[in-house]
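Q: Quick one, what's the 3D model for this:
(one chain, ligands or ions: 1)
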Amino acid sequence: MNTQAIGGCDPQSAICARGITRDFEAGQTTIRVLHGIDADVRSGEMTYVVGESGSGKTTLISIMCGILYPTAGEVKVFGTDIYKLTDTELVNFRLNNIGFIFQQYNLIPSIDAAANAAVPLIAKGMAVNEARERAKVLLEKLNILDQADKLPRQLSGGQQQRVAIARALVHEPRLVVCDEPTAALDARSGRRVMDLLREVAVAPDRACIIVTHDNRIFDLADRIIVLEDGRITHDGKDMPDDH
Ligand SMILES: Nc1ncnc2c1ncn2[C@@H]1O[C@H](COP(=O)(O)OP(=O)(O)OP(=O)(O)O)[C@@H](O)[C@H]1O
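A: Next comes the predicted model:
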């Protein structure tokens, strides 16, 4: 399909979202959480989505990365109109192109940290030992290689978060989507995560989108989108003065 088909998508956009609306049913009423959002996430950039609790950040990035259907609107990820794919095509698209870091780490309790971090590679058919070795390279960069053989319940919250981060990056996805990636980490570990995200996730043909409240890392954004009550109120290189 022509890239211009969705209201003027820039061909360089990693994500082009147009007219995104999302409603949730709450008892007898319908709550509109996103009101016709138009947004672009550019390749080669680290884009932050910030805003008050409940403003719709998680809902927006979930729609942008193919895990939550919009009520209305269209999303292109690297030129693919993702909500026109079949369910199976969408699952495969996510597996091949997107890495996720969510607030719930969703680690598999019965396998160790290295195996958890290796899951995307194993899902794509790589031999377990080779996948574990690749995962360990990231665990080392995140300073938790010594935890590689431990089960998730034997790890601290911050260590579990870093395993989830390794899992999101291990298959070198073109798009990395993160919800509060530094929330459970001290300042030094948070910086280490951000350095790794920039190293792995930001390149001319890659992009990274991050929801964060963490003002310790605001200076690292290339672009900041501010959401208020389901609408974009700022989209620029710097944080607006009132935040
Ligand atoms: N599954 C759902 N059913 C009903 N309402 C929902 C659902 N998911 C989100 N909401 C509502 O949508 C609004 C936006 O939620 P969302 O999680 O996107 O906000 P957020 O900006 O990410 O918040 P936070 O910073 O607290 O994580 C909230 O009012 C929330 O209660």
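
Q: So which bits of this protein are right by the ligand?
A: 24, 26, 33, 51, 53, 54, 55, 56, 57, 58, 59 (Cβ under 6 Å from any ligand atom). Every residue, glycine included, has its C-beta placed from N, CA and C.

Q: Just the ones in helices from those residues, please.
A: 57, 58, 59 (DSSP state H).

Q: quick one: contacts for the last one?
A: Which is residue 59. Neighbour list for residue 59: 22, 33, 34, 68 [criterion: Cβ atoms under 8 Å, 6 or more residues apart in numbering].

Q: Out of these, flag the one nearest to the ligand.
A: residue 33 (3.9 Å; Cβ to the nearest ligand atom).

Q: For residue 58, see how far away the closest one is.
A: Here the criterion is Cβ to Cβ, to the nearest Å. By it, residue 33 lies 10 Å from residue 58.

Q: Check residue 144 too.
A: 26 Å.

Q: Looking at these two, which one has more neighbours?
A: Neighbours were counted for residue 144 and for residue 58 using other Cβ atoms under 10 Å; residue 144 has more, 25 against 18.

Q: Local confidence estimate at that one?
A: We have a pLDDT of 94 for residue 144.

Q: Surely it and residue 163 touch.
A: Yes. Counting by Cβ atoms under 8 Å, residue 163 is a contact partner of residue 144 at 7.1 Å.

Q: Identify the contacts common to those two.
A: In contact with both residue 144 and residue 163: residue 113, using Cβ under 8 Å, 6+ apart.

Q: Name the SS class of the residue nearest the centre of the chain, please.
A: The geometric centre of the chain, computed from its C-alpha atoms, lies nearest to residue 177 (Cα atoms, centre = their mean), at 0.9 Å. Following DSSP: H, G, I helix; E, B strand; the rest coil, residue 177 is assigned to strand.

Q: Now do the contacts for it.
A: 61, 64, 65, 98, 99, 100, 101, 208, 209.

Q: Please identify which of these is nearest to residue 193.
A: Nearest to residue 193 out of the contacts of residue 177 is residue 101 (Cβ to Cβ; 8.9 Å).

Q: ok, back up a step: quick check: closest non-adjacent residue to the residue nearest to the centre of the chain.
A: residue 65 (4.4 Å; Cβ to Cβ, 6 or more residues apart in numbering).

Q: Tell me how far the one you found lies from residue 109.
A: In this view, residue 65 and residue 109 are 25 Å apart by Cβ to Cβ.

Q: and the two? which has more neighbours close in?
A: A direct count of neighbours by other Cβ under 10 Å for residue 65 and residue 109 places residue 65 higher, at 22 against 8.

Q: so how far is residue 11 from the more buried one?
A: For residue 65 relative to residue 11 (Cβ to Cβ), the value is 20 Å.

Q: Just give me the neighbour total for residue 186.
A: Other residues within reach of residue 186, judged by other Cβ under 10 Å, total 11.

Q: ditto for the one 5 residues further on
A: A count of neighbours around residue 191, defined by other Cβ under 10 Å, yields 15.

Q: Which of the helices or strands spans residue 95?
A: helix 87-97 (DSSP states H and E).

Q: Which other helices and strands does whichever helix or strand comes after that helix contact?
A: Helices and strands here follow DSSP H and E; after helix 87-97, the next one along the chain is strand 98-101. In terms of contacts (3 or more Cβ pairs under 8 Å, 6 or more residues apart in numbering; DSSP states H and E), strand 98-101 is packed against helix 157-169, strand 175-179.
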